[in-house]
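whatever this is, show me its structure:
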Amino acid sequence: MKKFNIRKVLDGLTAASSSSSAAAQPGTPRENDAVQETLQSEHFQLCKTVRHGFPYQPSSMAFDPVQKILAVGTQTGALRLFGRAGVECYCQHESGAAVIQLQFLINEGALVSALADDSIHLWNLRQKIPAILHSLKFSRERITYCHLPFQSKWLYIGTERGNIHIVNVESFTLSGYVIMWNKAIELSTKTHPGPVVHISDNPMDEGKLLIGFECGVVVLWDLKSKKADYRYNYDEAIHSVAWHHEGKQFVCSHSDGTLTTWNVRAPAKPAQIITPHGKQPKDGKKPEPCKPILKVEYKTTRAGDPFMVLSGGLSYDTVGRRACLTVMHGKSTAVLEMDYPIVDFLTLCETPYPNDFQEPYAVVVLLEKDLVVIDLGQIGYPIFENPYPLTIHESPVTCCEYFADCPAELIPALYSVGSRQKRQGYSKKEWPISGGNWGQGTQSYPEIIITGHADGSIKFWDASALMLQVLYKLKTAKVFERARGKEEKPSTDIVEEDPFAIQTLSWCPESRMLCVAGVSAHVIVYRFSKQEITTEVVQLLEVRMQCEFSDVDSPDPGGEQTPTLLTPGASSSPQETELPTQPSTGSNSSDGPRDNIPCLQVRSSPLKQSPGYQVELVIQLVWVSGEPPQQITSLAINSSYGLVVFGNSNGLAVVDYLQKTLLLNMGTSELYSPSDPYQRQPRSPRKARQPSGALCDSNDGSNASEDRCKSPTSGSTSPCNSDDERKQKFIEKVKFKSRRFSKTVANDFDAKDNSFTRSRSSSVTSIERESREAISSFHFCESFPRKTDSLLSPCLLVGTTQGSVMMVALSLPPGGDQRLQQPVGISSCGKQLIRLKGGILTMALLDSTGTLLPPSYEPWYDPNASDEEKEKSRRRRPASPPSSQEGQDSQFAVLCSEKQAKVVAMPSQTRVYKHNITETSFVLRADVVQMGGANCIACFCANGHIMTLSLPSLRPLLDVNYLPLTDMRIARTFCFSNLGQALYLTSPTEIQRITYSQETCDNLQEMLSELFTPVETPEAPNRGFFKGLFGGGAQSLDREDLFGETAAGKASRSLAQHIPGPGSMEGMKGAASGVVGELARARIALDERGQKLGELEERTAAMMASAESFSKHAHDMMLKYKDKKWYQL
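Numbers count the residues shown, from 1 in each chain. Next up is the predicted model:
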């Protein structure tokens, strides 16, 4: 443990970058006042932990029926593997090319992936973090289809040219055996058959390979004789082929919506042609063509009719109809509508053997934005309840907060109210994807993630132990009236779509108070209750916040009237700025400007509120003289004081949510006293005349409001032309420091088309607006408002986008009934506390020993419980720390901006430490976090660096170039939490969790789940006596004799290049995942050895029984003929 003296602040800074600087000020605490810092650089390491959510832009899927593991590939080269609830894994192909097909080596703990860049890869799933063992990159042909027969090591690869190559999966080398397209089709055929779209072997004869070409030709190829046995011709393009398990029939799906069934030995014409969704004409003509059937699966059952499952094939007159999955079973046809387009589907069957009755029990349907599993065993085909956290993107995420190590009782409380929200009608069976095992993690602290969404919903997630499970969903839009049609849409809306989108939120885990701000300049305060109530009238407070300038030009003739400016003395008479609870005073006539009108209308009918979060108060900013209210940029709530504070580019407002009154409504400039040397009056760079009531913008009001306040998910009218231009413009925006990206919903990155667009959610559209000082951060605390104070009192720290930090003193009445009757006093201290470069991002207080002083809070109590219960659970605020003695500082204020961090001694307001975090970039998110029993500042920079600084001395402890900022989603959702945890939205549908703790990195292997578990492969189907006698069973084939180097020779070297993975099969076995991997392998070896020993024992027992039987018969014969003469025999 190293001691750091407050005076010797340059100690230990040799490792700091050249941009870092530290300085001590005179008047700091005495030399014997030392703060012991326990955090060192070796306590920090950065690594990814887990990824949650739906795989973004899925493209393919595979299932291991023995291991019960599902694999999903994406268009960006990602692989997501799913087992039982809580067993998930993410890995990535380096090239980033789309995954076009996946094939499991069933029950082998391996997976083959085929990519759009014509490469195939073998993944080892027997280790916790899967790795590529081999890769093969084709250079002359494009891969279109792959097929790996069950329990075979030879992989068939079809290409765009119509050829089929064969790869040995063990060595990842090409066989010299090639099926050329011109030998497969008839010599008389003049045209190329097109790419290979299907390959499969006959379930009953491995020596016969069925090859489907796009043009409509299907060939049954004899592997031994190297010639085609049969050719099946149809004049419509083929999309997929499926066998009957007996190998006598197969079904093809076609581009005209037809299904053709062929008997293997009758290639002349199909045995049956059906159009599942076609209208049958009465005169016997062909039915009208339908959309292509993209995939068909044909699955048999022992007891009843076979299942035929298909996607697509709807008639063309069903325009606008959603994608459907069709299940044909006997004479019944069920059409199941899906919420999104179907990417792929798989029928899950009881057996992995293709030559046995399949006994299908479920269908996994991969949609563009969802994963659905249908139960085939129940009437009506209900879906299974999905245990994975795949609904993060149900509505686009607009903000995110992460709380590690929160109160233990919170998760059960949220789960109990959230469990009542679950849908009914799910299948009663267990989730069928049930493979893998959970990790043996030692982390046991509760973690909660809160996501705010574009539709106004808020989701609480249990994120403990590297898992994710939704606990509770709150719909904030219920508070407001909804427009029934387009013509009824309120004209006061300042967003074109998603007017309820969540912009920022403030949550107190101890008191369970929640405060949210939305894009329509509204704030809602919620209390948590376990009892249902009906609120007759929703409490509403309207606030008029407007911009004030000292150099406003005189209004034009006939212009609007000059508004009265609000005075900073509002705390003594809150009635001056409070408006009536009913929004009936506004004028919205066609001939006059909108004024005193909120953007949304609070519902007037009674509101039934379920157990969970219930509305306490709605605060709305109103239009001012034809200009819409500015969006809220910062927000804080304190349960101990009963106050909520919010700010925007016009100023700040403090509301007492207990008394439902507005206490303070002050412009940013009024926070500075006139004598303050740092006071900056915003001045307009333009000299155009304008009405004084307008918000400093000479544009037409309607256009300005349209352009100014767009929702986080709305598109843009002027996308940039090229990627380079987009990125250049984006970098310029990132360099511009005056916006606080991490808290405002500045969605420059449009999630829908993955392209950069002009920001439409910002409330600042002109140069003047960008230069205006906005409120960027708040922090409630108990400190010393003035230098001369020696007693602690409640305070509010206010930070602005131009780096100023001010302190507002709060005077609270005594508790109990007096708190609800006497007004809260507020007084601005006038002079700013300190100034930093860049906008203020976060603020915190430490005591003289360096321990974090969290804001005081009131313990949670149920607001709807009886008075006795309330009194039991309600306690007084935590006792204040000891007050400062005369002439001695007892607190440190920690302040972090977009450029630098400073530590200020309180109450002397002397700067004791300073660190320049970055010169060339700026910080997007900063949090004061607890780790290893100590505190530090964690920062995420726009240039991709993640840094941590010690407290209070601001020594650099970690600086890693982790992630260059490529889109605004990351900036908007990145957040740090305690105990070395952090997260961000890596795609519109996925949360990436990372850790910056060395301890977590060291324990990560144990904490991660295991995908592969030793399972016995089911027994092969019994051939039966007659089939064994007459040879009617499945015909096996020694593929080694056909495809091996001795028989087939070597393949052309120029055709494909072999790329070894991080370890070959042998190297992997030696180095796979430490002790757990060794144990698993030992267990498998023991199982295999035990199995062999068991077989040997059985054979030995059989031989002994046979010997005994022979001995007995011999003895009986001897006794029978013992006394007989030779002629008596």
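
helices along the stretch 151-300 of the chain, start to end?
181-184 (DSSP state H, counting those that start in this stretch).

now the strands: where do they sit in it?
Here the stretch 151-300 of the chain has its strands, by DSSP state E, counting those that start in this stretch, at 154-159, 164-168, 173-179, 196-202, 205-213, 217-222, 227-233, 238-243, 249-254, 259-263, 272-274, 293-299.

reformat those as JSON lines; add distance to Gln832 and mean pLDDT.
Where C-beta positions appear, they are placed from N, C-alpha and C, glycine not excepted. Output for those, formatted as JSON lines (distance: least, CB to CB, whole Å; pLDDT from 0 to 100):
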{"stretch": "strand 154-159", "distance to Gln832": "69", "mean pLDDT": "95"}
{"stretch": "strand 164-168", "distance to Gln832": "70", "mean pLDDT": "94"}
{"stretch": "strand 173-179", "distance to Gln832": "72", "mean pLDDT": "91"}
{"stretch": "strand 196-202", "distance to Gln832": "71", "mean pLDDT": "96"}
{"stretch": "strand 205-213", "distance to Gln832": "75", "mean pLDDT": "94"}
{"stretch": "strand 217-222", "distance to Gln832": "80", "mean pLDDT": "94"}
{"stretch": "strand 227-233", "distance to Gln832": "84", "mean pLDDT": "93"}
{"stretch": "strand 238-243", "distance to Gln832": "69", "mean pLDDT": "96"}
{"stretch": "strand 249-254", "distance to Gln832": "72", "mean pLDDT": "96"}
{"stretch": "strand 259-263", "distance to Gln832": "76", "mean pLDDT": "96"}
{"stretch": "strand 272-274", "distance to Gln832": "79", "mean pLDDT": "93"}
{"stretch": "strand 293-299", "distance to Gln832": "65", "mean pLDDT": "96"}
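
okay, the ones you listed in TSV with distance to Ser59 and mean neighbour count next?
Listed next are the strands of the stretch 151-300 of the chain as TSV, based on distance: least, CB to CB, whole Å; neighbours: other CB atoms under 10 Å:
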stretch	distance to Ser59	mean neighbour count
strand 154-159	18	23
strand 164-168	21	22
strand 173-179	25	19
strand 196-202	16	22
strand 205-213	20	22
strand 217-222	25	21
strand 227-233	29	17
strand 238-243	16	22
strand 249-254	19	24
strand 259-263	25	20
strand 272-274	29	14
strand 293-299	13	22
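
out of the ones you listed, which gets nearest to Gly435?
strand 293-299 (21.0 Å; CB to CB).

which of the three states applies to Leu1004?
The three-state label given to Leu1004 by DSSP: H, G, I helix; E, B strand; the rest coil is helix.

hmm, back to that, nearest to Pro55, out of the strands of the stretch 151-300 of the chain?
Of the strands of the stretch 151-300 of the chain, nearest to Pro55 by CB to CB is strand 293-299, at 19.1 Å.

from the chain's centroid, how far away is the helix or strand just after that closest one?
Downstream of strand 293-299, the next assigned helix or strand under DSSP states H and E is strand 307-312. Strand 307-312 sits 31 Å away from the centroid of its parent chain (CA atoms, centre = their mean, to the nearest Å).

got the buried residues for the helix or strand following strand 307-312?
Moving toward the C-terminus from strand 307-312, the next helix or strand (DSSP H and E) is strand 324-329. Across strand 324-329, burial judged by 16 or more other CB atoms under 10 Å covers Cys324, Leu325, Thr326, Val327, Met328, His329.

domain boundaries for this protein, per the record?
The chain breaks down by the TED database into domains covering 245-255+291-387, 1060-1092.

average pLDDT for the last one?
In this model, domain 1060-1092 carries a mean pLDDT of 52.
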